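Undergrad: heads up, no residue letters with this:
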């Protein structure tokens, strides 16, 4: 998987997607000090507009990846590719 830099910009509610916590979080001083600054994925603060993080991302996305909707980014990160060997059939129900 390629290493992708993600620019996670704050939305109007001051939220970003956090890969470390796998959730949408409020980007406040608590988040920044307790999680961002000690996270191995953290690469900077995006000039005060959000945070830059880098991780190996299995999705087919641009590098850098610009995130302006943290809720859509969270949903996109919940989708996993499953590779099956041999003849297989998947059944999805809702």
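TA: Perfect, thanks for sending it. Values in this document were obtained by computation on a predicted structure and should not be read as measured data.

Undergrad: just the helices in this structure please.
TA: 29-31, 70-77 (DSSP state H).

Undergrad: Could you tell me how far the residue nearest the centre of the chain is located from residue 86?
TA: In the chain, the centroid-proximal residue (Cα atoms, centre = their mean) is residue 19; its distance is 4.4 Å. The gap separating residue 19 from residue 86 is 33 Å, by Cβ to Cβ, to the nearest Å. (Each C-beta comes from the backbone N, C-alpha and C, glycine too.)

Undergrad: Help me confirm that the residue nearest to the centre of the chain comes into contact with residue 55.
TA: Yes. Counting by Cβ atoms under 8 Å, residue 19 touches residue 55, with 5.7 Å between them.

Undergrad: Could you name every residue contacting both of these two?
TA: 6, 41 (Cβ atoms under 8 Å, 6 or more residues apart in numbering).

Undergrad: Residue 71 is in contact with residue 16, isn't it?
TA: No. Judged on Cβ under 8 Å, residue 71 makes no contact with residue 16 at a distance of 10.5 Å.

Undergrad: Need the residues touching each of the two.
TA: residue 24.

Undergrad: what about the two, which has more around it?
TA: For residue 71 versus residue 16, the count of surrounding residues by other Cβ atoms under 10 Å is larger for residue 16: 25 against 12.

Undergrad: got the contact list for the more buried one?
TA: 8-10, 24-25, 27, 50-51, 67, 70.

Undergrad: rewinding a little: per-residue confidence at the residue nearest to the centre of the chain?
TA: For residue 19, the model assigns a pLDDT of 96.
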